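Trainee: show me how the following folds:
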Amino acid sequence: MPERLPRRLIEVDLPIKRISEQARREKSIRHGHISTLHIWWARRPLAACRAVILAGLLPDPADEACPQSFRNAAVGALAWRRTPADDREGLRQALLDFIAEFSNWDLAAHPDYLRTARALVTAAYPEGPPTVLDPFAGGGAIPLEALRVGAEAWASDLNPVAVLLEKVVLEYVPRYGQRLAEGVRRWGEVIRERARSELGRFYPEDPDGSVPIAYLWARTARCEGLACGARVPLLRGRWLSRRPDHQVALELLVHDGEVEFAIREGVRALEVGPGTVRRGSLTCPICGHTTPVAAIRRQAQRQGLPERLVAVVTTRPGMQGRRYRLPLEHDLRAAEEAEAELERRAAAHRGPLSLVPDEPLPPKGTLGFRIQGYGLETWGDLFTPRQKLALSTLAGLVRDTYPEIVEETGDEGLARAIGTCLGLSLDKTADLGNSLTRWKPDADCPVNMYGRQAIPMVWDFAEAVPISSASGSFESQYHRTVDSLIPLIPIDNVGIAMAGSATSLAAADHSVTTIVTDPPYYDAVPYADLSDFFYVWLRRSIGHLHPDLLASPLTPKEKEIVVNPVRTAEGTCKDGAFFESHMAMAFKEARQVLDDCGLGIVVFAHKTTAGWEAMVQALVSGGWTITGSWPIDTEMGSRLRAMNSAALGSSVHLVCRPRPADAGVGDWGSILRRLQPRTDQWMRRLVEEGVVGADAIFACL
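Mentor: Sure thing, here's the model as predicted:
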C-alpha cells in the first residue's frame, strides 16, 4: 500500500439515483429487517450505509496513486459479473455498478456479492482489514454494514438503549448465530405460556369461544356547554374496520342525556359520521357545544380523563378475520379485577425498582413531548392498570428465566444474549401496549406509539392483548425479533459496541481507517428523552444482565449533543451554540483517532440553514475539510413527517478529509469566482439524478 492512499471512490463518483431507489424501497420492508429488532429513530437505510461504506473504503482505480495490485485484484473479483473493466475508467464504472447493485436489499446476503465485496476490501487493505468507527452509532446500521463488507466495525453511543441494540447486531449475532435465534424462539414460547397461565383470567374468552385480541378505549371529558355537562367519549373517528371486504363503524346514540354506541356492519363512507374531537377540542353530540382543547387540558390536570371501553375486537379459532362487538359485563369486570391485582402486587413488591415505572417524564416543553399538559407525570402513567399488570408480569418472567437459560445452554454469554433479545421484545410489546397506541382501521391492528420521533396525545386508543398471538402481543414481538436476527447470521465477523460520549472515544489515536457516522440532526430528534420509555422497562427486565449499562435511573442527557429548548437537570442550555461547540469537540476527537490517511463520511439532514450552518461550522472547527456531498433519498414520501410539510427527502452524505495543520487560507474573492461554475455543474448533476428543491440546495451548501 502506498504511503498515502489515493482518492477514495466516493470522492469521485457515486450512483446516487440507483442507491436512492433501493433506500426508498427498503423503508417499506418490515419482515426480517434490522428495524424490526427494536425501534430507533432516524435509522439509516442499510442500502445507503452499505453503498457509502464500500465507496468510502475502496480507492478510485482511475487515480494515478491507486496501486496496480488493487486494479488487478478488482478485475478478478468482478470477473463473474462479466462487466467491462478493460481500462481504468471502465474499472471505476464497474465498481460503481457493483456498489449500486449490492445496495439492493435482496442481494445483501447473496454469497456472490458478499464474497466480491470482501475481496475488494481485502485487495484495498492487504495488510489487514480496515477499521470503520461510528461514534454516533444509534441502531447500528452503519457498523453492521461495515462488518458485512469485511471491515472491523467499532460502534459507540452515549445512549444505553442504542448500545444494547449494537451489542445484539455486532457482537451477539456474529458470535452465536442460529443458536441465538433458536434460543429466543424457545424461551419466548416459555415466557408466553407462563404469562398466559398467570394473566389469562384478565382477558376472558366469550361464551362462544371467541378470543379477545384488542380492547378499544376512549378517554372521556365533560362537555362545558351551558346546562349540558355530559361525559363524552373523545373519538377521532368512528371507523373500526375499513378493509374493502369488511366495513365496520361505531354509531353514536344519545339516550337520556348520555352517549351510547351501536356497531354497524357493511357501512359506506357517507354513512359514517365524524368523531367527537378535532385538534383536541370536543364537540358534544348531545348539545353541539365545542369545548376547546385548553379546557380539556384543565380537566385532565384536575381529575384526569377517565377511559371508557368502546368496543372489543375478537377472533374465533378456525375462522378468519376480526369481529367487533360492544363491551360485555365480563369485559368490564376483568379490567376491574386486573386493577385490583395490580394494586395487590404493588403493595407486596420489594426491590430496588418499583413494580411499574415511576420515573418522571421529561419536563414540559421538551422537544417532541406534549403529553405532560394532560396530567401525565411518570412513564407509568402512559399505561392502563391492566397494561401495567401485563408488562410488569412479562418483565418479571424475562428476568426470572435467565438462570434456567444458563442451566440449559451451559453458556452464560449465549444466555445473556437470549435474555437481552427477550428484553427488547418486551420493549416492543410496550410500544404497542400503552394508552397512546392508535387502532388502524384499514389494517385491523394497533399502531405503535412511536409512529414518529415524538409522543403526541391520543384520545382513543387500542389495548392489545399481550398474551394473544395477534399484532401487539409478546408472541408477535419475539417472533419479529427472531426474524430480524436470521438475515444477519451470514455476517460472522464480530464487531465492538462501546458506551461513551463522542467527545471522548475509547479508541487509540490514529487507529481508525474510516469514520462513517450519522450524528444527531440539530433539533429534530430528542433521542435520550424518547428512549427513556424503553429504558425504564429494560431496567426491570434485563437490568441484572447489564448492571453497568443500565445503572442510572434514566438515560444520560447532559452530554447528548442535540438542541432542546428545556434545560437539563444539571442546568445546561442546549441551544444552537451548545450543539455547534460540542459537535466540534466530537469531530475533533474523531479526527484524533483517525489515521492520517483516513476519510470521514458524515450523514446529515435538516430543513433549516441554522442546522446546516451549525453542522458545517462544527466540521470546520473540528479540523476537517469537506471534499464531497452526496444526497441520497432515504425517506418514503408517505411517512407521517413528510406529509404536507417541508421535511427533506434526502440525507446528505458529506465526505471529509482531515485538514492539515499547515493548511493555508483562501482568498474570498477567488473562492467566489470558482464557486459559481462548480455550483452550476453540481446542480446539473443533481437534476440528472432526480435531486431537486431543498434537497439539491442543501447538497450544494
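Trainee: pull stretch 575-588 out as CSV, backbone CA atoms only.
Mentor: The C-alpha coordinates for stretch 575-588 follow below in CSV (Å, rounded to 0.1, in the frame of the first residue of the first chain):
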residue,chain,number,x,y,z
ASP,A,575,-29.1,25.9,22.2
GLY,A,576,-27.5,26.2,18.8
ALA,A,577,-24.2,27.3,20.3
PHE,A,578,-24.1,24.2,22.5
PHE,A,579,-24.8,22.0,19.5
GLU,A,580,-22.1,23.6,17.4
SER,A,581,-19.4,23.7,20.1
HIS,A,582,-20.0,20.1,21.3
MET,A,583,-20.3,18.7,17.8
ALA,A,584,-17.0,20.4,17.0
MET,A,585,-15.4,18.7,20.0
ALA,A,586,-16.8,15.4,18.7
PHE,A,587,-15.3,15.9,15.3
LYS,A,588,-12.0,17.0,16.8
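Trainee: tell me which residues in it are buried?
Mentor: Phe578, Phe579, Glu580, His582, Met583, Ala584, Met585, Ala586, Phe587 (16 or more other CB atoms under 10 Å). C-beta here means a position set from N, CA and C on the backbone, and glycine is covered the same way.
Trainee: my guess is the last one meets Gln617, correct?
Mentor: No - look at Phe587 against Gln617 with CB atoms under 8 Å: they stay out of range, at 10.3 Å.
Trainee: so what's the residue count around the nearest residue to Cys573 once chain neighbours are set aside?
Mentor: For Cys573, ignoring the flanking residues on the chain, the nearest one in space by CB to CB, 6 or more residues apart in numbering is Arg567 at 5.5 Å. Arg567 sits with 13 neighbouring residues when counted by other CB atoms under 10 Å.
Trainee: gap between Arg567 and Phe579?
Mentor: 14 Å (CB to CB, to the nearest Å).
Trainee: next one: Pro292
Mentor: Using CB to CB, Pro292 is found at 36 Å from Phe579.
Trainee: tell me which element Ala311 is part of?
Mentor: Here Ala311 sits within strand 307-315, counting by DSSP states H and E.
Trainee: mind saving the C-alpha coords of that strand as CSV?
Mentor: Backbone C-alpha positions of strand 307-315 (Å, rounded to 0.1, in the frame of the first residue of the first chain) are rendered in CSV as follows:
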residue,chain,number,x,y,z
GLU,A,307,-61.2,5.9,29.9
ARG,A,308,-64.3,4.2,28.6
LEU,A,309,-64.3,0.8,26.9
VAL,A,310,-65.9,1.4,23.5
ALA,A,311,-65.5,-1.9,21.6
VAL,A,312,-63.8,-5.3,21.8
VAL,A,313,-62.0,-7.0,18.8
THR,A,314,-62.1,-10.8,18.8
THR,A,315,-61.1,-13.7,16.7
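Trainee: pull out the buried residues from the helix or strand following it.
Mentor: Scanning forward in sequence from strand 307-315, with DSSP H and E defining helices and strands, the next element found is strand 323-325. Using 16+ other CB under 10 Å as the test for burial, strand 323-325 gives Arg323, Tyr324.
Trainee: residues in contact with strand 323-325: which ones?
Mentor: Residues from elsewhere that reach strand 323-325 (CB atoms under 8 Å, 6 or more residues apart in numbering): Ser210, Leu240, Ser241, Val248, Ile263, Ala311, Val312, Val313, Thr314, Thr315, Arg316.
Trainee: dump the residues you listed to a markdown table, plus distance to Glu21, pLDDT and neighbour count.
Mentor: Putting these into a markdown table (distance: CB to CB, whole Å; pLDDT from 0 to 100; neighbours: other CB atoms under 10 Å) gives the following:
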| residue | distance to Glu21 | pLDDT | neighbour count |
| --- | --- | --- | --- |
| Ser210 | 45 | 94 | 17 |
| Leu240 | 37 | 96 | 24 |
| Ser241 | 34 | 95 | 22 |
| Val248 | 38 | 95 | 23 |
| Ile263 | 44 | 95 | 16 |
| Ala311 | 42 | 97 | 22 |
| Val312 | 43 | 97 | 21 |
| Val313 | 38 | 97 | 26 |
| Thr314 | 42 | 96 | 20 |
| Thr315 | 38 | 94 | 19 |
| Arg316 | 43 | 90 | 15 |
